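Engineer: Got a sequence here, can you build the structure:
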Amino acid sequence: MSFSFIFNNEDFPPVQQSTAEGLLAIGGDLGIPRLIKAYSLGIFPWFSEDDPIMWWSPDPRMILKPADFKTSKSLKKIVRDSQYEIKIDTAFEEVISACGSMPRQGQEGTWITNDLKTAFILLHKIGLAHSFEIFMDNELVGGLYGLSLGKVFFGESMFYKVNNASKLAFYHFVNFMKEHDFALIDAQQETNHLKSLGAYAIERAHFIELLAHYLAEPTLQGNWGNGTAKLLKLSFDNIRN
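Structural biologist: Numbers count the residues shown, from 1 in each chain. The predicted structure is shown next:
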């Protein structure tokens with residue numbers, strides 16, 4: 001298979017047309033409607049600052065069901081003994097900026113480009129992108145962010161400035177998923193760390209089936225941290241740049 005070039009007004013090709021590495025298409029835009037359509041189809045953007053927009057749909061796909069989350073003894077001890085405060089949706093822009101600037105082993109630069117950051121900040125403002133934040137002594141020291149549609153959370157990235165801060169954020173994030181009846185966390189690509197937490201890889205075709213099922217459910221839209229979020233049926237008609 002080979003990837004396709006798409007223009008702003010064109011739909012994505014079928015995900016089965018992606019390359020062996022998962023590259024499906026190049027081009028298009030990062031507008032809110034396209035991003036929501038992409039994630040609902042099992043597609044996500046991943047590219048560097050100087051590259052064109054690249055859209056991916058890897059096979060297999062790494063997922064974590066909240067009920068399968070493995071809390072190790074060491075993680076329980078970290079949660080019990082650490083002095084911290086967990087917050088939700090209070091520092092989204094700071095979290096995504098920190099994720100973009102965090103050095104990562106084996107990577108040069110970041111895939112969280114300025115345009116992608118701007119797009120996710122817009123998604124946050126309309127109550128679809130969310131951040132989980134760890135504060136110590138009133139300083140943001142770790143967190144994660146992603147996109148929520150239906151009963152699915154599409155995890156994007158996490159960061160830490162002090163040891164274990166991202167683990168604390170992930171622990172509270174998964175508990176939130178359980179409390180609010182989320183069915184699926186999309187972890188995108190397979191890693192040993194995610195495996196240790198209970199994640200596993202499934203065939204892309206199965207992942208697409210799960211998306212179709214769980215995205216038919218209402219979306220918890222709004223600010224998750226201040227109690228104003230509501231379960232709403234997502235409509236493309238009222239989503240604009």
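
Engineer: which residues in this structure form helices?
Structural biologist: 32-40, 73-81, 92-101, 114-125, 165-179, 192-196, 204-214 (DSSP state H).

Engineer: quick one: which of the ones you listed is nearest L144?
Structural biologist: helix 165-179 (5.0 Å; C-beta to C-beta). Quick note: C-beta positions are derived from backbone N, CA and C, even for glycine.

Engineer: Just the CA trace of the closest one, in CSV.
Structural biologist: Taking Å, rounded to 0.1, in the frame of the first residue of the first chain, the C-alpha atoms of helix 165-179 are listed here in CSV:
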residue,chain,number,x,y,z
ALA,A,165,5.0,13.1,38.2
SER,A,166,3.7,11.7,34.9
LYS,A,167,2.9,8.3,36.6
LEU,A,168,0.8,10.2,39.2
ALA,A,169,-1.0,12.0,36.4
PHE,A,170,-1.7,8.8,34.6
TYR,A,171,-2.9,7.0,37.8
HIS,A,172,-5.5,9.7,38.4
PHE,A,173,-6.4,10.0,34.7
VAL,A,174,-7.2,6.2,34.6
ASN,A,175,-9.3,6.5,37.8
PHE,A,176,-11.2,9.4,36.2
MET,A,177,-11.8,7.1,33.1
LYS,A,178,-13.2,4.4,35.4
GLU,A,179,-15.4,6.8,37.4
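
Engineer: just the angle between it and helix 92-101, please?
Structural biologist: Relative orientation of helix 165-179 versus helix 92-101 (axes from the mean of the first three to the mean of the last three C-alpha atoms, to 10 degrees): 130 degrees.
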